[in-house]
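> 3D model of this:
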Amino acid sequence: MTKTKSSLYLSQAEKYWLDGDVKSARLAFSDAKDECLKNGDTRGVADALVRSGDMEMSLGRVDEAKEAYVSALSLLLLDFDSQSLSAEIKLKLAQIAVDRNETEETERLLDQAEALFDETDNRTGLARVAEMRGTLLMAKGDCETALPFYRKAALLYEQENNTLKEAVVLRTVSRLYMSLNRMDQAHDALEKSMALFRENGDLLGEAGALTAVGVLRTTIGDYMLAARAFRKAIMLYGKLGHVPGEGEATFYLARVEAMSGGAESIKNAVKDYKRSIFLLDGVFWPELVAKAKQEMERLEKVSAASEN
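So this is what the prediction gives:
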């Protein structure tokens, strides 16, 4: 299939963007818009504006990005077939409003995006709106109110058979349940999340879910199953070469071993604290390194005192 001249300009613009040649990218995006205007392709102009706006956002030029998004939106106002794109733009503008702490503007844009996604029966779009609402409430510490939005998002992703996104949302659902001390429901959400990550071949997601299972099991005092979950997570992170994840899971394993008691467990805990410090120091995670050192030193003092 032969590419149109405007699509060639867009491809070139994105290549320049990827290569870090922003000046050439802007010129190519402008050429793409001009070509679409010449052909009366309003949707094409809007698409070029959105993609150029995305580039400006990635460069931290928020005002320029917003200007591009608003211009694109104005072109699509009377185009029913472009409602999903209009909704996408409103979500982008809502994120800018969130970053600027513009609460009323955020709510207005989310309401508009939700209405457009609903009109076009775009359940993935509706799920993303629900996620965003949940995230805003979580940031305020309102876990009880945030939970239904995340559950709605998970259900919509399930209906669309987007199992990977469902897995990600379920992991957040489990965290909310944990914060509300609803451990059985948290565990069920994590188990399903882990199964979906595994089904998608997402080893990193599965390792993250295993770490969360370990934290949950630690919270309820089931140290044996917690340690088992952390060891599986460490194995997966190691296989992937994901040092931060491996270091974090090793830290939590050391903590569980320290809680388990017994000379052998304490010995293993010290060894794993040292391992976590080595891993986390290498990825510049000073807060967790400091915590690991503090807990290891306290454990060593307790161990030395008991031997004396």
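
> the residue lying closest to Gln185 once chain neighbours are set aside: how many residues sit nearby?
Counting by CB to CB, 6 or more residues apart in numbering, Tyr177 is the residue found nearest to Gln185 once chain neighbours are left out, at 4.5 Å. Yep, even glycine has a C-beta here, placed from its N, CA and C like the rest. If you count neighbours by other CB atoms under 10 Å, Tyr177 ends up with 23.

> cool, Ser58 as well?
Neighbour tally, Ser58, other CB under 10 Å: 11.

> so, low pLDDT: which residues of the stretch 151-300 of the chain?
By pLDDT under 70, the stretch 151-300 of the chain has no low-scoring segment.

> returning to what we had before: please report the distance of the residue nearest to Gln185 from Ile220.
Distance, Tyr177 to Ile220, using CB to CB, to the nearest Å: 12 Å.

> what touches both of the two?
Common neighbours of Tyr177 and Ile220, counting by CB atoms under 8 Å, 6 or more residues apart in numbering, are Met183.

> ok, now which ones touch Arg198?
Taking CB under 8 Å, 6+ apart, we find Arg198 in contact with Glu206.

> what's the helix or strand for it?
Using DSSP states H and E, the element containing Arg198 is helix 183-199.

> next one: Ser74
Ser74 belongs to helix 62-76, assigned by DSSP H and E.

> which residues sit in contact with Val243?
Neighbour list for Val243: 237, 279, 282-283 [criterion: CB under 8 Å, 6+ apart].

> if you set the cut-off to 6 Å instead, what comes out?
When contacts are counted by CB atoms under 6 Å, 6 or more residues apart in numbering, Val243 touches 279, 283.

> for Ala68, which non-adjacent residue is spatially closest?
In space, Ala68 is closest to Gly53, 3.3 Å off (CB to CB, 6+ apart).

> ugh, wrong one, I meant Gly125
In space, and not counting its chain neighbours, Gly125 is closest to Phe117: 3.5 Å by CB to CB, 6+ apart.

> then Lys192?
Spatial nearest neighbour of Lys192, excluding adjacent residues (CB to CB, 6+ apart): Leu170 at 5.6 Å.

> so which helix or strand takes in that neighbour?
Under the assignment here (DSSP H and E), Leu170 is part of helix 163-179.

> could you do Asn268 as well?
helix 263-282.

> extract the CA atoms of that helix and return them as PDB.
Only the C-alpha atoms of helix 263-282 are listed here, as PDB (Å, rounded to 0.1, in the frame of the first residue of the first chain):
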ATOM      1  CA  ALA A 263      19.800 -18.600  64.400                       C
ATOM      2  CA  GLU A 264      19.800 -19.900  60.800                       C
ATOM      3  CA  SER A 265      17.000 -17.500  59.700                       C
ATOM      4  CA  ILE A 266      18.900 -14.600  61.300                       C
ATOM      5  CA  LYS A 267      22.100 -15.600  59.500                       C
ATOM      6  CA  ASN A 268      20.200 -15.800  56.200                       C
ATOM      7  CA  ALA A 269      18.600 -12.400  56.900                       C
ATOM      8  CA  VAL A 270      22.000 -10.700  57.400                       C
ATOM      9  CA  LYS A 271      23.300 -12.300  54.200                       C
ATOM     10  CA  ASP A 272      20.200 -11.100  52.300                       C
ATOM     11  CA  TYR A 273      20.400  -7.600  53.800                       C
ATOM     12  CA  LYS A 274      24.000  -7.400  52.500                       C
ATOM     13  CA  ARG A 275      22.900  -8.600  49.100                       C
ATOM     14  CA  SER A 276      20.100  -6.100  48.900                       C
ATOM     15  CA  ILE A 277      22.400  -3.300  49.900                       C
ATOM     16  CA  PHE A 278      24.900  -4.300  47.200                       C
ATOM     17  CA  LEU A 279      22.100  -4.400  44.500                       C
ATOM     18  CA  LEU A 280      20.300  -1.200  45.600                       C
ATOM     19  CA  ASP A 281      23.500   0.800  46.000                       C
ATOM     20  CA  GLY A 282      24.200   0.100  42.400                       C
END
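
> I'm done for today, thanks for sticking with me.
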